[in-house]
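In: quick one, what's the 3D model for this:
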Amino acid sequence: MAEVLENIAIYHSKSLIEKSKKGDEHAYGKLVGLWFKRIYNFALKYFGDHDYAMEATQQTFIAVYQKIDRLKDVDSFKYWLYKIALNYCREEDRRQKRKKWYSIFMDEDVRDVESNYGLPEYEYQKQEKEEMIADILRRLPEEQKTVIIMKEFEGLKFREISETLNISENTAKSRLYYGLKAMRKILEKSELNYKIEG
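Out: Down below sits the predicted model:
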């Protein structure tokens, strides 16, 4: 279902991109509406912080507005958009040199998910697991962390990741493999029972 909705969004985006390239601000507003949440969620997972995610997302769409007339291939919009977002995330990360992470799952999608009958034990365990994953991701090299977020949380295909990051698909697969392997080692050292599939 998610893939069907994404295909609809991409199809609808094409006409909006063409209009936006010609300076149609109303079309650009709709384009932002289609992609804002996905880019925000990507930035939120990258930072684990709402304010930094919002800043990176806003800067991303300001840059898109300024540069969209230079986009040659409408079909490459998705990769182009993620590349701009990733560049702003990296830039913001370097500028802030932040060390503190918060939960990577505090976005609206997850908050809206109903709890397991509202049991406090379930809620506590869920929050504990979210914080654990955020902490583990924080310890990974930036290259591995980025691929894991794109593949495991954003659901991008290896081809999409390779085009966005300008790396080969094999490099993307390798970074995912070593990133997940590192996450497992951290879990084992921490003597935690959670398992990460990969």
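
In: list the contacts of the closest residue to residue 156 other than its chain neighbours.
Out: Once flanking residues are discounted, residue 156 sits nearest to residue 150: 4.6 Å by CB to CB, 6 or more residues apart in numbering. Just so you know, the C-beta spots here come from the backbone N, C-alpha and C atoms, and that holds for glycine as well. Shown in contact with residue 150 (CB atoms under 8 Å, 6 or more residues apart in numbering): 42, 82, 156, 160, 161, 164.

In: equivalent analysis for residue 171, please.
Out: residue 162.

In: any idea of the pLDDT on it?
Out: Looking at residue 171, its pLDDT reads 94.

In: ends of stretch 148-163, what's the gap?
Out: Taking CA to CA, to the nearest Å, the first and last residues of stretch 148-163 lie 15 Å apart.

In: list the buried residues of that stretch.
Out: Across stretch 148-163, burial judged by 16 or more other CB atoms under 10 Å covers 148-154, 156, 158, 160-163.

In: from those residues, which land in strands?
Out: Judged by DSSP state E, strands contain none of the buried residues of stretch 148-163.

In: lowest-confidence one in those residues?
Out: residue 153 (82).

In: for whichever strand or helix holds residue 46, packing partners?
Out: Residue 46 belongs to helix 25-47 when elements are defined using DSSP states H and E. If you count contacts as 3 or more CB pairs under 8 Å, 6 or more residues apart in numbering; DSSP states H and E, helix 25-47 packs onto helix 2-21, helix 50-67, helix 77-96.
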